[in-house]
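Q: mind folding the following:
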Amino acid sequence: MRKFIFLAFILTLASFLTACSDKELNKSEVMEKIKENTDDVEKYHTVWDVEIGLEYQNGQTEQSKLNMDINADESSNTMWQTIKESDDNHETTREHYLMDGNVYENENDSGWKNESMNRTDIKDDLTLAYNKIVTLIEDIEDELEMETDNDHYILTFEGSSKKVFDAQDEPYSLEVTGFDEDNIHQDMKIKIDKDNLYIESVENMVTAEKQQNKLEIEFVQDFSDINDIDDIELPEDIEKTN
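A: Okay, the predicted model is just below:
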């Protein structure tokens, strides 16, 4: 009988601890964890997709797209990335490696060039770096609401705010010409993984209208493989040119 009571106590305690560990965090606690975890992030894969559309009052339209695909290892200050840009008339692809202080570029498969420059530090110079997105979230913390799903804490903003718009200038070079920033509508969602409290994605839909001219900017930045990407190495065709 004593063994049964003891076993029941252990099971009850385990259930209690599990319930405690599954406790939902509030917004302040989530923000604190995001900040605490920043220095733990040393390497990651990130993809940034942008689509921009303009519709003029005369019916003409313009479309442009940007895709950046990046493996960044801040611990060794090495990086690989591809940048694909396109509009109604042109398409360009550039591939880069940052290795041992050298920057190598291959534009439209034209061959590799050493574009060495002054010392490049990923944490300081990569605008899409993880710590830059943490700073963005900190800067607009007071403007954000929070909701949850099964796997994420989701920080949200919907409405017009010059503060929120301007805070995206460094990571995303978000700017408009001919539209009043105070009247630009944004629908932003920032997903935080509940298991590790790392940023998983940032997405925003930006819309504006003036004198029947319409602007739409949609972007998504995803983070994955945090602290779990393979070591970045130069391909053989770059090594042979050195």
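Q: so where's the protein shaky on pLDDT?
A: Under the criterion of pLDDT under 70, the regions of the chain flagged as low confidence span 1-22, 117-118, 239-242.
Q: at which residues are the helices of it located?
A: With DSSP state H as the criterion, the chain has helices at 2-21, 27-37, 122-125, 130-139, 162-167, 169-172, 236-239.
Q: burial count for Ser28?
A: The burial count assigned to Ser28 is 10, neighbours taken as other Cβ atoms under 10 Å. Backbone N, C-alpha and C define where each C-beta goes, glycine included.
Q: same check on Glu233?
A: Residues near Glu233, counting by other Cβ under 10 Å, number 12.
Q: next: His45.
A: Residue neighbour count, defined by other Cβ under 10 Å, stands at 17 for His45.
Q: so what's it closest to, chain neighbours aside?
A: Leaving aside its chain neighbours, His45 sits nearest to Asp225 (4.5 Å; criterion: Cβ to Cβ, 6 or more residues apart in numbering).
Q: with Asn37 instead?
A: With Cβ to Cβ, 6+ apart as the measure, Leu197 is the residue that lies nearest to Asn37, at 5.5 Å, once sequence neighbours are left out.
Q: and that neighbour, how far is that from Asn204?
A: 21 Å (Cβ to Cβ, to the nearest Å).
Q: same check on Glu24?
A: Using Cβ to Cβ, one gets 25 Å for the distance from Glu24 to Asn204.
Q: could you do Ser86 as well?
A: According to Cβ to Cβ, Ser86 stands 20 Å off from Asn204.
Q: next one: Lys132
A: Lys132 sits 15 Å away from Asn204, going by Cβ to Cβ.
Q: same check, this time on Tyr97
A: Distance, Tyr97 to Asn204, by Cβ to Cβ: 29 Å.
Q: residues in contact with the residue nearest to Asn37?
A: Residues counted as contacts of Leu197 (Cβ atoms under 8 Å, 6 or more residues apart in numbering) are Val30, Lys33, Ile34, Glu36, Asn37, Tyr153.
Q: quick one: residues contacting the fourth one.
A: Right, the one you point to is Glu36. Residues in contact with Glu36, defined by Cβ under 8 Å, 6+ apart, are Leu197.
Q: Ile34 now?
A: Applying Cβ under 8 Å, 6+ apart, the residues contacting Ile34 are Val134, Ile137, Ile192, Leu197, Ile199.
Q: who does the third one bridge with?
A: Looking back up the chat, that one is Ile192. Ile192 forms beta bridges with Tyr153, Ile199, as assigned by DSSP bridges.
Q: quick one on the thing from earlier: spatially, which two of the contacts of Leu197 are the most separated?
A: For these, with distances taken as Cβ to Cβ, the pair at the greatest spread is Glu36 and Tyr153 (14.4 Å).
Q: my guess is Val202 contacts Lys132, does it?
A: No - under the contact definition of Cβ atoms under 8 Å, Val202 does not touch Lys132, with a separation of 10.8 Å.
Q: Met68 versus Asn114, what's the distance?
A: Using Cβ to Cβ, we find Asn114 at a distance of 21 Å from Met68.
Q: name the residue in these two with the higher neighbour count.
A: Here Asn114 and Met68 are compared on neighbour count by other Cβ under 10 Å; more neighbours surround Met68, at 18 against 11.
Q: hmm, Leu128 and that one touching each other?
A: Yes - using Cβ under 8 Å as the test, Met68 is close enough to Leu128 to be in contact (6.7 Å).
Q: okay, and the common contacts of those two?
A: Shared between the contact lists of Met68 and Leu128 (criterion: Cβ under 8 Å, 6+ apart) are residues Thr46, Trp48.
Q: related to what we said a few turns ago, between Lys132 and Asn204, which is the more surrounded one?
A: In this view Lys132 and Asn204 are compared by other Cβ under 10 Å, and Asn204 has more residues nearby, 21 against 15.
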